[in-house]
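>>> return a 3D structure for these sequence lines:
(2 chains)
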Amino acid sequence: METVAFYSYKGGVGRTLLVANTAQFLAMAGRRVVALDLDLEAPGLHQKLANPSALRAEPGELRGAVDALLEALEGEPRKQSLQQIAIEIALPAGTGGSLLLIPAGSAPSHAYWAALERLNGSLRSNPRNGGLPEAILELQAQIAEKFAPDLLLIDSHPGITELGGLATSILADRVVCLTTTAPESVEGTRVVAEALRSAPRLSSQQPLRIDFLVTRVMPGWLASNVSRLLEDLGDSVAVLPHNDAANEASALSSWAEWGWAWEGLGAGAELRLLPTTLRWVTESFPVRNQDPD
Amino acid sequence: MTKTDSILAGLTEDELDTLVSIAIRRAEILDETQSPGANDAWSEVVVYEERLAALTRPDDVPGGVARVGAVTAALAAGRRSDASRLASRYLAEEAFPSERREAIQRAFQEDQARLAQRFPALAKTGRLAELAVWRASTSTHLHVFPRAA
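Numbering: from 1, shown residues only, chains lettered A, B, ... in the order given. The predicted structure follows:
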């Protein structure tokens, strides 16, 4: 299982949508994918991936990563197994792969914020029972054990947080760092990438791979300047253009925000991708050939 | 020198002995009542034990007890980085007796066993032990995410 954390120093760079679309694309291409929402303070991956009607069915009852972490830290008997927490995302017929979503929880709801507050309290009050590193690695190990996916894609919390630090260091085999061309975004990304390059790893881990994505680049903008600032700090830099036509569609459906769109979700759906984004995904995540011929 | 260090420097071994005995009892009571204050109480024990260790020889009985006490109290407080740091320091002392060394190693083994029970899937991967080493390395590393460890 390869674990890829999608990280951004600033919000609003298209990170969550890229996680959702990458997960769907790779699942449709035959890979077994688990998408995990660790943007616990402002989760949104479930809104991008799961069927909205299913989410509305039981408000406040959706369980997720917060509940799993809490149960691990507090040693409580599990109310639901990880299999019950994970949501199977419907894919078009004939799709060879699979996609499971582990949401952060039932956000936004009072029950979710209460669980999150309890998690923070538990971490502060009883470090003897293990901390966030143990809990988050336990969740990762359970995912590997129960689902045996090819890929675990993580929507990581932006900025500098404890969980973001863990997701991008000891949890990840690879980090995809997204930034816009805004100076504050680029500078923050540089500092974080420098720290990640020198951060200690677990002894069984390979060196961390860091890929940069410069996003929301408008025509005529000199994204190459940003690329030059980042290229020495990572393994690759790609520039993804902003797409006006897709943005128009995003007013109706957030799916299209990145220029990717479903045409008839779940019923012979077809992904339309901006060529540069498609190239980045296929180059970054080589897809197995499903056809023996 | 911190304010705590300067206060501790003015205490005799006897005074520290008295303080650490009270602190241990207090921490044990808070532990029994599952009070959130237990971690702080064990941290207080670490302070006294560490100072006692500095005042005593590793091959003296009080010195051995203080060194083992400092490490076990740090583990009881959930301060595993500090426990590793202290253990490294004491185990590097040539005169430190083998039975005390074994006591320290046993304390870490018990801590690992407790964690393995709580995090069974992680324990199976073998990464629990790696985490201990990782924690020790992050304590000396200027990490951009300082709270992560």
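
>>> list the contacts for the residue nearest to B:Asn39 when sequence neighbours are not counted?
Excluding its sequence neighbours, the residue lying closest to B:Asn39 (C-beta to C-beta, 6 or more residues apart in numbering or on different chains) is B:Ala77, at 5.0 Å. Where C-beta positions appear, they are placed from N, C-alpha and C, glycine not excepted. Residues touching B:Ala77, when contacts are defined by C-beta atoms under 8 Å, 6 or more residues apart in numbering or on different chains, comprise A:127-128, B:39-40, B:42-43, B:45-46.

>>> which among those residues end up buried?
Those of the contacts of B:Ala77 that meet the buried threshold are A:127-128, B:39, B:42-43, B:45-46, by 16 or more other C-beta atoms under 10 Å in any protein chain shown.

>>> among those residues, which ones are in helices?
Among those, the ones falling in helices (DSSP state H) are B:39, B:42-43, B:45-46.

>>> Throw these into JSON lines and include pLDDT, thanks.
Formatted as JSON lines, these follow (pLDDT from 0 to 100):
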{"residue": "B:Asn39", "pLDDT": "92"}
{"residue": "B:Trp42", "pLDDT": "96"}
{"residue": "B:Ser43", "pLDDT": "95"}
{"residue": "B:Val45", "pLDDT": "97"}
{"residue": "B:Val46", "pLDDT": "97"}
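
>>> may I see the residues you listed organised as TSV, with distance to A:Gly30 added?
Rendered in TSV, the data for those read as follows (distance: C-beta to C-beta, whole Å):
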residue	distance to A:Gly30
B:Asn39	49
B:Trp42	52
B:Ser43	52
B:Val45	57
B:Val46	54
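
>>> closest one of those to chain A?
Sorting these by how near they are to chain A, with C-beta to the nearest C-beta, puts B:Asn39 at the top with 6.2 Å.

>>> quick one: that closest one from A:Leu213, how far?
41 Å (C-beta to C-beta, to the nearest Å).

>>> ok, now A:Leu82?
Relative to A:Leu213, A:Leu82 is positioned 30 Å away (criterion: C-beta to C-beta).

>>> neighbour count winner among those two?
Comparing A:Leu82 with A:Leu213 by neighbour count (other C-beta atoms under 10 Å in any protein chain shown), the higher total belongs to A:Leu213, at 25 against 20.

>>> before we move on, the earlier item: pLDDT wise, what is the residue nearest to B:Asn39 at?
For B:Ala77, the model assigns a pLDDT of 94.

>>> got the phi and psi for A:Val33?
For A:Val33, the backbone dihedrals (degrees, to the nearest 10) come out as phi -120, psi 140.

>>> which strand residues bridge it?
Residues found in beta-bridge contact with A:Val33 (criterion: DSSP bridges) are A:Leu99, A:Leu151.

>>> what number of residues lie near B:Leu11?
When neighbours are defined as other C-beta under 10 Å, B:Leu11 has 16 of them.

>>> so it touches B:Thr18, yeah?
No. B:Leu11 is beyond contact range of B:Thr18, at 9.5 Å (criterion: C-beta atoms under 8 Å).

>>> residue ranges in chain B under the pLDDT threshold?
Scanning chain B for pLDDT under 70 picks out B:139-149.

>>> one more time with 80
Counting by pLDDT under 80, chain B contains low-confidence ranges at B:1, B:136-149.

>>> would you map the helices across it?
Taking DSSP H as the criterion, chain B carries its helices at B:3-9, B:13-32, B:38-55, B:61-76, B:80-91, B:98-118, B:120-125, B:127-138.

>>> residues from the stretch 1-150 of chain A in reach of chain B?
A:72-73, A:75, A:125-135, A:137-138, A:141-142, A:144-145 (C-beta under 8 Å from any C-beta of the partner chain).

>>> run the chain-centre distance for the helix or strand encompassing A:Asp37.
With elements delineated by DSSP states H and E, A:Asp37 resides in strand A:32-38, which encompasses its position. Here the centre of strand A:32-38 is set off from its chain's centre by 7 Å, with C-alpha atoms, centre = their mean, to the nearest Å.

>>> equivalent analysis for stretch A:218-225, please.
On the basis of C-alpha atoms, centre = their mean, stretch A:218-225 sits 26 Å off its chain's mean C-alpha point.

>>> also stretch B:121-128?
With C-alpha atoms, centre = their mean as the basis, stretch B:121-128 stands 23 Å off its chain's centre.

>>> can it be said to contact chain A?
Yes. Contact of stretch B:121-128 with chain A (C-beta under 8 Å from any C-beta) involves B:121-122, B:124-128.

>>> give the PyMOL command for selecting the buried subset of the residues you listed.
Only the buried members of those enter the following PyMOL selection, criterion being 16+ other C-beta under 10 Å:
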select buried, chain B and resi 121+122+125+127+128
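
>>> list the contacts for the nearest residue to A:Thr95 once chain neighbours are set aside?
Spatially, and ignoring its direct neighbours in sequence, A:Thr95 is nearest to A:Met28 (5.0 Å; C-beta to C-beta, 6+ apart). Residues counted as contacts of A:Met28 (C-beta under 8 Å, 6+ apart) are A:91-92, A:95, A:97, A:271.

>>> ok, and the closest non-adjacent residue to B:Ala121?
Across the structure, with C-beta to C-beta, 6+ apart as the measure, the residue nearest B:Ala121 apart from its sequence neighbours is A:Ala141 (3.7 Å).

>>> run the angle between whichever strand or helix holds the one you found and helix B:127-138 for me.
Take DSSP H and E as the rule and A:Ala141 turns out to sit in helix A:132-147. An angle of 150 degrees separates the directions of helix A:132-147 and helix B:127-138 when computed by axes from the mean of the first three to the mean of the last three C-alpha atoms, to 10 degrees.

>>> what pLDDT, on average, does helix A:132-147 get?
pLDDT averaged over helix A:132-147 equals 94, rounded to a whole number.

>>> run through the stretch 51-200 of chain A and note the low-pLDDT ranges.
Per-residue confidence for the stretch 51-200 of chain A (pLDDT under 80) gives these ranges: A:51-62, A:75-80, A:92-95, A:124-126.

>>> one step back: which parts of the helix holding A:Ala141 are buried?
Those would be A:132-144, A:147, for helix A:132-147 by 16+ other C-beta under 10 Å.

>>> does A:Leu49 touch A:Leu101 like I think?
Yes. Judged on C-beta under 8 Å, A:Leu49 makes contact with A:Leu101 at a distance of 4.9 Å.

>>> mutual contacts of the two, please.
A shared contact of A:Leu49 and A:Leu101, defined by C-beta under 8 Å, 6+ apart, is any residue touching both; here these are A:23, A:35, A:87, A:89.
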